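Chemist: Pasting the sequence and the predicted model now:
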Amino acid sequence: MGLALVTGATGGIGRALCAVAAADGYDLLITDVAGVDALAEELRARFSVEVAPYAFDLSELEQARALVAAVADQPIEALLHGSGVDIFSRFDHLDPAEIESLLNVNLVSQVLVTRGVVSGMVARGRGRILTMASTAGFKANPYQSTYSGSKAFMLLFSEGLHLELKEAGIGVTCLAPGSTNTPFFRTAGIPVSDAQVAGFMDPSEVATQAWKSLNAGEFLVVPGLKNQAQYHLAHWAPKAMIHRWATWRANHRRSSSGGSDE
């Protein structure tokens, strides 16, 4: 069917993207910090597709460049970005190294890997790219300012690519998921209860909607009615109302974690 490169492949939405692409007959190139060999074996057994694992840490730009070099000769037809990280903290309490790592994963590595893959797509006259943003990119989010800013960048970057690469035969779709049932929130230090997590969208559902939108040539996919409501609210509600709600939510989360800004 074709060849897909999936980043952030071993967990959450990235892992689910591997499954939907493989179920559609795509051979896979998968990359993540660790666990790619075991995932490759699982995908081969489950879907009878070819899977090549690459262990790279996209929080380091040299490794992002190394990934691009490693797949340079591969006829990639679908690039699926599944990586993303967040840190719930007041900005002045963040270590600069944490900021750099977050921006590298969420923004810079996405751009570099996309640039490394897109030339081959253009030369072949076909290809599809799924970028990773978030509903957090639609509005300001206190204590997640760097994260939200990185996602807002990806929304505009993806929209621009969607427009400029159309005539080259390349489709670009931006995925903006909301709360998803993955370890993301706890890894980021965002206090959530088990009951809250259980009510989040399943990553398989998110990936399925993203894959359908990618194949349909849509620019933006916001999975779930609740998340779509957030999208429309962010675009039409008065800024003052959005700011009050965002500040209340951030302070509620801080109080749930004992009031710490760390």
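Modeler: Nice, I can see it. Numbering: from 1, shown residues only.
Chemist: packing partners for the longest helix seen in the chain?
Modeler: The longest helix of the chain (DSSP state H) is helix 145-164. Here helix 145-164 touches helix 96-103, helix 109-124, strand 127-132, strand 170-175, strand 220-221, going by 3 or more Cβ pairs under 8 Å, 6 or more residues apart in numbering; DSSP states H and E. All C-beta spots, glycine's among them, are computed from the backbone N, C-alpha and C.
Chemist: Out of those, which gets nearest to residue 70?
Modeler: helix 109-124 (9.9 Å; Cβ to Cβ).
Chemist: What is the burial count for the residue nearest to residue 104 when sequence neighbours are not counted?
Modeler: Distances taken as Cβ to Cβ, 6 or more residues apart in numbering place residue 59 nearest to residue 104, at 4.9 Å, with adjacent residues excluded. Burial of residue 59 is recorded as 21 neighbouring residues (other Cβ atoms under 10 Å).
Chemist: Residue 59 contacts residue 106, doesn't it?
Modeler: No: applying Cβ atoms under 8 Å as the test, residue 59 and residue 106 come out as separate, 9.6 Å apart.
Chemist: Show me whatever sits in contact with both of those two.
Modeler: residue 85 (Cβ atoms under 8 Å, 6 or more residues apart in numbering).
Chemist: Tell me which residues of the longest helix of the chain come out buried.
Modeler: Across helix 145-164, burial judged by 16 or more other Cβ atoms under 10 Å covers 146-155, 157-159, 161-162.
Chemist: still on that earlier bit, quick one: closest of the helices and strands packed on helix 145-164 to residue 212.
Modeler: Closest among the helices and strands packed on helix 145-164, using Cβ to Cβ: strand 220-221, at 8.0 Å.
Chemist: neighbouring strands for the closest one, and are they parallel or not?
Modeler: According to DSSP bridges, strand 220-221 forms sheet pairs with strand 170-175 (parallel).
Chemist: on that earlier part again, element containing the residue nearest to residue 104, please.
Modeler: Counting by DSSP states H and E, no helix or strand carries residue 59.
Chemist: Redo the helices and strands packed on helix 145-164 as CSV? Include mean neighbour count, distance to residue 213 and mean pLDDT.
Modeler: Below are those laid out as CSV (neighbours: other Cβ atoms under 10 Å; distance: least, Cβ to Cβ, whole Å; pLDDT from 0 to 100):
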stretch, mean neighbour count, distance to residue 213, mean pLDDT
helix 96-103, 15, 26, 96
helix 109-124, 18, 17, 98
strand 127-132, 24, 8, 98
strand 170-175, 25, 5, 98
strand 220-221, 19, 4, 96
